[in-house]
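>>> Sequence unavailable; structure follows:
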C-alpha cells in the first residue's frame, strides 16, 4: 500500500465576490490531481508559477481544505480526521518552506525552535530534550552548541538546515519540500540536496519535492509529475520522463533550462506568449494556447491523463503522433574528461574531513 | 579581445564604511575589459561583489559610505573622475542597465509608455510624438504583442515576463553602447527565461552593443556569454573564454561551482560541495581568500595573496596551483 494516495483533488479559490458575497470568479488552482507516493521515495511536482504545485502540497497536509477529492495517508482518510486526529497526523508529515529567512521565528533560539515540536507532541521527557536537540542539530550537520543562537546569526543554508531539523524533530514519514533550495546559492544548494538525500536513505523518509527546476528534480526524484494550470499533464518514473518526455509542455520545460555546456547541441522549444491565467484557463487542453503541436481537437476537448503499460501517463491528444524528443534532449557528456577528474579530486579531498561538512556520523548511533 | 575595449576597468577597489566604523572590502583589484559586441559574464555567489562592480560602473554607489579607487574607462572617459552631470547624460543613453526585479524597477504611477518616452526625451530631445513612435517600435522589438495598446498600460497590468521586456526596451531606448544586465532572468519562470535569453541574443547581434551579464546561473553564462569572469570574495579568481572555463577550469572555486550544480547533461551520485564559509570581508585573509575552503590548499596559499596570472592564452587564474590538470594527472 502506498504511503500517500491522492485522488481527484480540487481546490478553487474565490478571486472576486459580488457586493452580497456571492463568488463571481474562481482561481482553479488545483483541478483534479491524483497521485500516490511510496514510503521512502521522492515524488517531484514540477511546473511554473501558478501551476498549483504549492497548493497541492498544502492540501496534502490539510493546511488548506480541498473542495473535493480524497487524501489517504497510510490508509487513513485525512479529510475525515477531527482536530485531535489531525494533530497526530502532523507528527507524521512535515513541511520545509522555500524562504528560510521567513520560516523561523526570529525571537526564538534554535534550541527553542527545535524543542517546541518535542514538547507539543510530548515526544521526549523534558529532561532529555536538550540531548535530543543536540542530536537533531548533528543530524543536519550543525554543531550542538549553536542551539543557543538566534536565526539571524545563521546564513541561508544553515537556516534551511535548522528548518530541516525542525521537520525531523517529530520523526515524520513524509516531508514536503516546497522549493527548499531555490533561495540558496549554488554551492549551498548542493549541500542541502546532498543532506536531503542522506537523510532519506538513513531515515526512510518520503518526500514530495515541489520545484520549478528540472535539473534539481532530475537529481533528487524517483517519480515526477509535471503540472500546468492546476492539472498534471505528465507523470512517470524520473528516468523515463527525462529520457523521453512526451507532453509538449514537459518538453518545452526541459529544453528551456540553460545547460552549463557552451555550444550544447540541442533544439530549444521556445513557447510563444504568456502563461494563461488560472482565473480563466483556456478551454479544452489548458496548454493549447502555447502548444506548438496544437490541432482543432485540443481547443475544445480536454485530454485525459492516460497511462501506458509502464505507468508513464500523459494528458495529450497527440501523444502517439508527436515526433521523437531526441532533438531537444541534452546530450550527455557535459563534463569534459578534465573537468570530471578535477571535480572528483575536489570532492574526494573535501570528504577527507568530516563527511562533506555534514557531521552526521555522530548522530548515527542515537537516532531511531 | 580587440585592441581598444569599449570599457576597461583597472584596479577597481570598493570599500564600504559602516555606521559602526567597520570597513568592508567589497571589491578588490578588479581588472576587466569588454570589447564592442562582446558579452562578458560576471559570475559568483551572493556577496562576491559582482553587483557592486556593476553599480560602480553606473555611478550608483552611495557617495557617503562607498570609497572607490582605480579607473573605469568608458569610451576614453574615466567614469570615476567625471561629474554627476556627465554621468546623468550617459546613464540611460550610452550606458544602460537592466535590474533583476522587474516588479520593483518600474514606477507604478506612470504608464510604461511615459517611462520610456521620458528617457528618450531626456537624452535625444525631439517631439513627444516621435518619442512615442520610437517607444512603440522598441516595444515591438522586444516582442510585446500589440504595442500600440500596451504603451498606455500601467506596470501592474503586465506579467513579470512582460515587465522585464519593458525594462529591456527602456534600456535600449537610446541605443546603448554598453548594457549591464544584473540577473535579468532570475525572477522569471524557465520558459520566460528562455524567451528573454533568446531576445538578448537577438539584440546583441542586431545592435552590436557590449553586454556585461551578471548572474549566478552557469547555464545562462554558457548560453549567452563569450567570456566569463568568476568572482569570489571581492576578487576575480578566474577569467577565460567561455569554452575554456567550462571544459578546463583553472581555479578550485570554479571547479567546486561546476561540480555543485545538478545538471541535465550529467549524472552525479553526489554533488560536489564547497565546505566552509565565505571569509569575513571586514578582515579579508592575508593569503588566498579561498584557501580555507580549498581542497588543494598548500602552506604557501595562506601566506601571500596569489596574483591573477595567465595559465594559457586568454585564460587567467588566481591560483598558485594552476594549471590544475597537474593535480589530477
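Received, thanks. Quick caveat: nothing in here was measured; it's all calculated off a predicted structure.

>>> Which secondary structure element of chain A has the lowest mean pLDDT?
When the helices and strands of chain A are scored by mean pLDDT, DSSP states H and E, helix A:361-364 comes last with a mean of 34.

>>> Give the closest residue to residue 181 in space, chain neighbours not counted.
All of this is about chain A. Using CB to CB, 6 or more residues apart in numbering or on different chains and skipping the chain neighbours, the partner closest in space to residue A:181 is residue A:189 (4.3 Å). Heads up, the C-betas are built off the backbone N, CA and C, glycines and all.

>>> Wait, chain B was what I had in mind.
residue B:98 (4.5 Å).

>>> Just grab the bridge partners of residue 13 for me.
Using chain A here. Listed by DSSP bridges, the beta-bridge partners for residue A:13 are residue A:27.

>>> oops, I was thinking of chain B
With DSSP bridges as the rule, residue B:13 is bridged to residue B:69.

>>> right, and the residue nearest to residue B:181 touches residue B:183 too?
No. Look at residue B:98 against residue B:183 with CB atoms under 8 Å: they stay out of range, at 9.1 Å.

>>> one step back: which other helices and strands does the helix or strand hosting the residue nearest to residue A:181 contact?
Element membership of residue A:189 [criterion: DSSP states H and E] is helix A:186-203. Applying 3 or more CB pairs under 8 Å, 6 or more residues apart in numbering or on different chains; DSSP states H and E, we find helix A:186-203 packed against helix A:156-168, helix A:214-220, helix B:252-260.

>>> Mind listing what's buried along it?
A:186-200, A:203 (16 or more other CB atoms under 10 Å in any protein chain shown).

>>> Just give the number of residues close to the closest residue to residue A:312 other than its chain neighbours.
Closest residue in space to residue A:312, ignoring its immediate chain neighbours: residue A:236 at 3.9 Å, by CB to CB, 6+ apart. Residue A:236: 25 surrounding residues under other CB atoms under 10 Å in any protein chain shown.

>>> which residues touch residue A:269?
A:248, A:251-252, A:255-256, A:292, A:328 (CB atoms under 8 Å, 6 or more residues apart in numbering or on different chains).

>>> just the buried members of those residues?
A:248, A:251-252, A:255-256, A:328.

>>> and chain B, which of the residues you listed reach it?
Intersecting these with the contacts of chain B gives A:252, A:255-256 (criterion: CB under 8 Å from any CB of the partner chain).

>>> hmm, back to that, is it possible to export the contacts of residue A:269 to CSV including secondary structure?
Formatted as CSV, these follow (DSSP: H, G, I helix; E, B strand; the rest coil):
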residue, secondary structure
A:248, helix
A:251, helix
A:252, helix
A:255, helix
A:256, helix
A:292, coil
A:328, helix
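
>>> and of those residues, the nearest to chain B?
residue A:256 (3.9 Å; CB to the nearest CB).

>>> Now name the helix or strand holding the spatially closest residue to that closest one that is not a sequence neighbour.
Leaving aside its sequence neighbours, residue A:256 sits nearest to residue B:194 (CB to CB, 6+ apart; 3.9 Å). Following DSSP H and E, one finds residue B:194 within helix B:190-207.

>>> before we move on, what about residue A:245?
Assigned by DSSP H and E, residue A:245 belongs to no helix or strand.

>>> Can you give me the distance of it to chain B?
Separation of residue A:245 from chain B (CB to the nearest CB, to the nearest Å) stands at 11 Å.

>>> Pretty sure that residue sits against residue A:325.
Yes. Using CB under 8 Å, residue A:245 is in contact with residue A:325, at 5.4 Å.

>>> Quick check: neighbours shared by these two?
Listed as contacting both residue A:245 and residue A:325 by CB under 8 Å, 6+ apart are residue A:251.

>>> What residues does the stretch 1-150 of chain A have near chain B?
A:48-49.

>>> Show the residue spans covered by the strands in the stretch 1-150 of chain A.
Using DSSP state E, counting those that start in this stretch, the strands of the stretch 1-150 of chain A run over A:4-17, A:23-37, A:42-46, A:68-73, A:76-77, A:93-96.

>>> Check the stretch 101-250 of chain B too.
B:178-182, B:210-215, B:227-232, B:235-241.

>>> Would you mind giving these as CSV with mean neighbour count added?
Formatted as CSV, the strands of the stretch 101-250 of chain B follow (neighbours: other CB atoms under 10 Å in any protein chain shown):
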stretch, mean neighbour count
strand B:178-182, 24
strand B:210-215, 24
strand B:227-232, 25
strand B:235-241, 25
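
>>> Of those, which is nearest residue A:39?
Closest approach to residue A:39 among the strands of the stretch 101-250 of chain B is made by strand B:210-215 (39.2 Å; CB to CB).

>>> Point out the other elements, helices or strands, that that closest one touches.
strand B:23-34, strand B:39-43, helix B:50-58, strand B:178-182, helix B:190-207, helix B:218-224.

>>> Other residues contacting the second one?
Spelled out, that is strand B:39-43. Residues beyond strand B:39-43 that count as contacts (CB under 8 Å, 6+ apart) turn out to be B:32, B:34, B:50, B:53-54, B:204, B:210-216, B:218, B:220-221, B:224-231, B:242, B:257.

>>> at 6 Å what do you get?
Contacts with strand B:39-43, where a contact means CB atoms under 6 Å, 6 or more residues apart in numbering or on different chains, come from B:34, B:50, B:211-214, B:221, B:224-230.

>>> Just give me the neighbour total for the residue of the stretch 101-250 of chain B at minimum distance from chain A.
Proximity to chain A, evaluated over the stretch 101-250 of chain B using CB to the nearest CB, is greatest for residue B:219 at 3.2 Å. Using other CB under 10 Å, residue B:219 is surrounded by 21 other residues.

>>> Now do the contacts for it.
Going by CB under 6 Å, 6+ apart, residue B:219 touches A:258-260.

>>> want to throw the helices and strands packed on strand B:210-215 into a markdown table with mean pLDDT?
Compiled in a markdown table, the helices and strands packed on strand B:210-215 are given as follows (pLDDT from 0 to 100):
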| stretch | mean pLDDT |
| --- | --- |
| strand B:23-34 | 93 |
| strand B:39-43 | 95 |
| helix B:50-58 | 93 |
| strand B:178-182 | 94 |
| helix B:190-207 | 85 |
| helix B:218-224 | 92 |
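
>>> now the ones you listed as JSON lines including distance to residue B:85?
Shown next, in JSON lines, are the helices and strands packed on strand B:210-215 (distance: least, CB to CB, whole Å):
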{"stretch": "strand B:23-34", "distance to residue B:85": "25"}
{"stretch": "strand B:39-43", "distance to residue B:85": "28"}
{"stretch": "helix B:50-58", "distance to residue B:85": "15"}
{"stretch": "strand B:178-182", "distance to residue B:85": "19"}
{"stretch": "helix B:190-207", "distance to residue B:85": "26"}
{"stretch": "helix B:218-224", "distance to residue B:85": "34"}
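
>>> Helices of chain A, start to end?
With DSSP state H as the criterion, chain A has helices at A:53-60, A:83-90, A:110-120, A:129-139, A:156-168, A:186-203, A:214-220, A:238-243, A:248-256, A:296-300, A:337-351, A:361-364.

>>> mean pLDDT for these: which is lowest?
Per-stretch mean pLDDT for those is lowest at helix A:361-364 (a mean of 34).

>>> Could I get the pLDDT score of residue B:319?
Residue B:319 is assigned a pLDDT of 96 by the prediction.

>>> Check residue B:111 too.
For residue B:111, the predicted pLDDT is 95.

>>> Could you double-check that it sits in contact with residue B:152?
Yes. Counting by CB atoms under 6 Å, residue B:152 is a contact partner of residue B:111 at 5.2 Å.
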